[in-house]
Each structure stands twice: as C-alpha cells, then as structure tokens.
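Student: Have a look at this prediction, sequence included:
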Amino acid sequence: MRSRFEQLAMVLVAAILGLMLALGFRMQTAFGPTLQNRRWDELAVMLRLCEEERDALRDEVVALRAAIAEIGGGEQLDVLAQELRQARLFSGLAAGVGPGVRVTLDDSSRPQQGGEDPNLFLLHDDDILRVVNELAAAGAEAIVINGQRRVATTEIRCAGPAISVNNTRVAPPIRILAVGDPQTLESALRMRGGVLEILTVIGIQVQIEQLGSLEIPAFAGTTRLRHLQAAR
C-alpha cells in the first residue's frame, strides 16, 4: 500500500501532466486552423509564453515537494490526521464510543398533596443543566441528552411544555449519556448535598447505570461560524 506521501506526489504529478496536456491542446487549437495566416513573430511570442507557463508549473511542483519533505512526509501527515480526528471528537463533530454512565431523569411519581405547586414535581430545564454541568465538572469527555450531542453552542432551556436542546424539543424521560470514568461520574452525581440528592428530595425519578461502552453520536446541527474568526 502506498504511503500518503507517495499518493500526494502522484496526485501532484497527475495534476501537472493534466495542465501540460491542456497547454498542448491550447497550442494545437491556436496554431491549427489559422497557422498559415499568422505571422511567425506572433507564433514565437505564443510559444515563449507557453514555455514560461510550463516552467512556472515545474517550479511549483519543486516547491510543493520541498514543502512536503519539510513537514516530514507521510509520517507527519499521519500525525496531523490523528490530531484532526481528536479535535473533531472533542468538539462533538464526530461520533465516538467509550465507557461512562447513563442517567435517566423523569417527573416525580409522588402523589401531589392539596395546595402543592404541581411544577415542583416536574423535571425542568435547570435540573437537567445542573446534572450536565456536574458530569462535565467530573471529567465527562462527551455528553448526549436524548440523542443531542452537547457542543459549545448547546442550549438547555424551557420551550413551553417541553425542553429545548440544540433547538430540538425533548421531553421526560431524559436520558443523558456521559463518556468518562464511570465510577468518578456516578460518585460526583451522588455526593452528599449534590444535585441528585436535591432532585430525589422533591421526588424526581433518577436512575444511574455504569456502562462499559456507550455509542455517542456526532452533533447534527450546523457548524458554520459567521462571527468568530481565528486570532492572528
């Protein structure tokens, strides 16, 4: 199997050959039908221009080969490709797998007493947000809320009778997947005085499962940046 360096070199050579063939076709087209009607000095000028363009393309090939050699050829390209895969995983733009926990949250099943506010027994957006923040603080490397991958622009907010995540409406039961050390993640959620203790006091149903492998989907929304630019 050819290395990426060899493949890239072949692509460059093929591109140059294609350009040279195109130039030859251009010369043939220009010279063919009206060759006898053109003055020889005009033909000489056109020939010189074509040769200069050919030489410029040859110099570009040399420069590109030197640039590839400078960055280390195929080995360096493999390193860059691996870094790109890691960046896409971290940013949420690529699917992944790993150990972690599955947290299921649902409205309270406790019977409502007379005079009690029924909203107290419902799962709200800020309840989910607290759980997600606790998982992130405990080292979760990827978080999914009812199929929605958490990224830098993810919102968790009230949307009428439902909850909006990535501008997608979700409703209880809420299933949160978090990739990380399963024991650490569960311990963070169950610590005394923590978020789950508060939720269980008001009757919110909570279930935590430690899993050896979780399938994490990629972010399905748009990633186009209209305002943010790279710093110079």
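Tutor: Great, that's in hand.

Student: use CA for all of it now, contacts and neighbours both
Tutor: Noted.

Student: Which helix or which strand is home to the residue nearest the centre of the chain?
Tutor: Nearest residue to the geometric centre of the chain (Cα atoms, centre = their mean): Leu93, 2.0 Å. Counting by DSSP states H and E, Leu93 is held by no secondary-structure element, helix or strand.

Student: residue contacts, it?
Tutor: Neighbouring residues of Leu93 by Cα atoms under 8 Å, 6 or more residues apart in numbering: 218-220.

Student: Next: Ala140.
Tutor: Residues counted as contacts of Ala140 (Cα under 8 Å, 6+ apart) are 178-181, 185.

Student: Ala94 too?
Tutor: Contact analysis of Ala94 by Cα under 8 Å, 6+ apart lists 85, 88, 217-219.

Student: again, 10 Å this time
Tutor: By Cα atoms under 10 Å, 6 or more residues apart in numbering, the contact list for Ala94 reads 85-88, 149, 216-220.

Student: Neighbour-wise, which one of the residues you listed leads?
Tutor: When neighbours are counted by other Cα atoms under 10 Å, Arg149 leads those with 25 neighbours.

Student: which non-adjacent residue is nearest it?
Tutor: Phe219 (5.0 Å; Cα to Cα, 6 or more residues apart in numbering).

Student: Quickly find the element holding the one you found.
Tutor: Phe219 is part of no helix or strand, with elements assigned from DSSP H and E.

Student: So what does the residue nearest to the centre of the chain look like in phi/psi?
Tutor: Dihedral pair for Leu93: phi -90, psi 0, per degrees, to the nearest 10.

Student: Quick check: the gap between it and Arg232.
Tutor: Leu93 is 24 Å from Arg232, where distance means Cα to Cα, to the nearest Å.

Student: Check Asp125 too.
Tutor: From Asp125 across to Arg232, the span is 38 Å (Cα to Cα).

Student: Those two: which has the busier surroundings?
Tutor: Asp125 (18 against 3).

Student: so what's that one up against?
Tutor: Taking Cα under 10 Å, 6+ apart as the criterion, Asp125 is in contact with 155-159, 162-165, 171.

Student: Now with 6 Å, please.
Tutor: For Asp125, the contacting residues are 157-158, by Cα atoms under 6 Å, 6 or more residues apart in numbering.

Student: and the gap between it and Gly92?
Tutor: Per Cα to Cα, Asp125 is found 21 Å from Gly92.

Student: Thr200 now?
Tutor: Using Cα to Cα, Thr200 is found at 31 Å from Gly92.

Student: how many neighbours does the residue lying closest to Ala140 once chain neighbours are set aside have?
Tutor: Nearest non-adjacent residue to Ala140, counting by Cα to Cα, 6+ apart: Gly180, 4.8 Å away. Neighbourhood size, Gly180 [other Cα under 10 Å]: 21.

Student: Gly180 and Arg102 touch, don't they?
Tutor: No - when contacts are counted by Cα atoms under 6 Å, Gly180 is not listed as touching Arg102 (11.0 Å).

Student: I'd like the mean pLDDT over the longest helix along the chain, please.
Tutor: As assigned by DSSP state H, the longest helix anywhere in the chain is helix 40-70. For helix 40-70, mean pLDDT is 75.

Student: same thing with stretch 142-156?
Tutor: Taken as a whole, stretch 142-156 has a mean pLDDT of 94.

Student: for it, the distance to its chain's centre please.
Tutor: The chain centre lies 13 Å from the centre of stretch 142-156; the measure is Cα atoms, centre = their mean, to the nearest Å.

Student: Ok, stretch 203-215 next?
Tutor: 25 Å.

Student: which residues touch the nearest residue to Asp181 once chain neighbours are set aside?
Tutor: Once flanking residues are discounted, Asp181 sits nearest to Gly100: 5.8 Å by Cα to Cα, 6+ apart. Contact analysis of Gly100 by Cα under 6 Å, 6+ apart lists 178-182, 211.
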